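Student: With the input below, show me the fold.
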Amino acid sequence: MQSSPPRAAATRNGLNAQFEVANVFDWFTEHREATYDLIILDPPPFARSKDSVPGAVRGYKELNLRALRLLSPGGILATYSCSHRVTEEMYLELIEDAASDARREAVVLERTSQPADHPVLLNFPESRYLKGFIIEIRA
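Tutor: Next comes the predicted model:
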């Protein structure tokens, strides 16, 4: 069986990585006593309509809160949203709120956006959909 691209990359780079497919909210509950050095959150879009934005913001905040609680000091959270209705500013604010609720000192190392093969069309705001943050846990 051929290795998936993420698994192959982890092997090439000598990383001890786990890859699981699960309902992430259930997974976080089952692993609430564990600690990790790196967590990557890349969920599907939570806000597919204007009416779903408040629920999406709550879901993203809860997801980031649970991840922040599991990171060891010095740990990294790479967190993404592909919901175009959730702006970069909204996403950063909910991460800030999650860090506060988790009582974690966190800093933004990098803001990320979609790559060149997913261009942002100026006359189509919905094309600016992918945003992400690389966060380091200081304490």
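
Student: For Pro5, list the residues it contacts.
Tutor: Going by C-beta atoms under 8 Å, 6 or more residues apart in numbering, Pro5 touches no other residue. (Each C-beta comes from the backbone N, C-alpha and C, glycine too.)

Student: Ok, Thr35 next?
Tutor: 70-72, 75.

Student: switch the cut-off to 7 Å
Tutor: Neighbouring residues of Thr35 by C-beta atoms under 7 Å, 6 or more residues apart in numbering: 70, 72.

Student: From Arg128, how far out is it?
Tutor: Distance, Thr35 to Arg128, using C-beta to C-beta, to the nearest Å: 35 Å.

Student: For the residue most central in space within the chain, report the pLDDT, please.
Tutor: Compute the mean C-alpha point of the chain, and by C-alpha atoms, centre = their mean the closest residue is Thr79, 1.9 Å away. Thr79 is assigned a pLDDT of 97 by the prediction.

Student: Could you look up the SS state of it?
Tutor: strand (DSSP: H, G, I helix; E, B strand; the rest coil).
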